[in-house]
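S.K.: Okay, here's the prediction I keep looking at, along with the sequence it came from:
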Amino acid sequence: MVTVGTDAVTSEAAVETARANQGVWATIGLHPHDARNGVASIAPLLEKPDPLIVAVGECGLDYYYDHSPRDAQREAFAEQIALASSLGLPLVVHTRDAWDDTFQILQSVGLPEHWVLHCFTGGPDEARRGLDLGATLSFSGIITFKNAADVREAAALCPPDRLLVETDSPFLAPVPHRGQTNRPALVPLVGAAVAAVRDVAVEVIEQATWDNAARLFGLDAKPS
């Protein structure tokens, strides 16, 4: 699994977790909630190449909570896009209520070779916009929620080689665990929901999402 950093403390913890557990990798990122801290707060963690660090992010824009000023969010996002490209790492993108600015900044800075729209919350229109720009779409427990028809439609149209599943732990536990603390053990429920909307066997999604994750993040282990 890939465990995601959202600031200096959690990014360092992600790396420590990866070092302590075989089959775990880490990302280094500054979440838009913490953008006020500046990308310099995480940059030292990326100074030395480490095969266990497989992406930059999660980073992006969150105009729903606005925990950091929007100008700070945009600046930190742009810096992390450039950082991912300079390091040759994939980019993990968080976007909430900020689709237009997200796509505009990505295009203005320059798209990384590989990037993920993590915890995808949009519908088919946003999915197509992202896919047209080379994104991989990652679906979370939201796909199981009753009011998430747009997300299910996006999952149905996503090409099989551009599809991932995730937990977004500790948030967004899938039905029937909604409202509880999420954990990686629940990701099969997300995969089953994706399989249902695509009308394929669960094993098809299991294999496709493993293959996609291994290729995207350069993982060097096989699932047990």
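M.R.: In hand now; what should we look at?

S.K.: Return the distance of T121 relative to D97.
M.R.: Between T121 and D97 the computed distance is 9 Å (CB to CB, to the nearest Å). Where you see a C-beta, it was placed from the backbone N, CA and C, and this is true even at glycine.

S.K.: Settle it for me: which of the two has more neighbours?
M.R.: Set side by side, T121 and D97 give different neighbour counts by other CB atoms under 10 Å, the larger being at T121 (21 against 13).

S.K.: That one and H94, how far apart?
M.R.: In this structure, T121 lies at 10 Å from H94, with CB to CB as the measure.

S.K.: Equivalent analysis for V202, please.
M.R.: Relative to H94, and taking CB to CB, V202 is found at 27 Å.

S.K.: More neighbours: which of those two?
M.R.: A count of neighbours by other CB under 10 Å puts H94 above the other of V202 and H94, at 25 against 14.

S.K.: Which secondary structure state does the residue nearest to the more buried one when sequence neighbours are not counted sit in?
M.R.: Nearest residue to H94, sequence neighbours excluded (CB to CB, 6 or more residues apart in numbering): G60, at 3.9 Å. Judged by DSSP: H, G, I helix; E, B strand; the rest coil, the three-state class of G60 is strand.

S.K.: okay but G60 is in contact with A98, surely?
M.R.: Yes - taking contact to mean CB atoms under 8 Å, the distance of 7.5 Å between G60 and A98 places them in contact.

S.K.: Comparing these two, which residue is more hemmed in?
M.R.: The residue with more neighbours, out of G60 and A98, is G60; 29 against 22, by other CB under 10 Å.

S.K.: so who does the more buried one touch?
M.R.: Going by CB atoms under 8 Å, 6 or more residues apart in numbering, G60 touches 31-32, 73, 77, 93-95, 98, 102.

S.K.: Can you flag the buried ones in the residues you listed?
M.R.: If you count burial by 16 or more other CB atoms under 10 Å, the buried members of the contacts of G60 come out as 31-32, 73, 77, 93-95, 98, 102.
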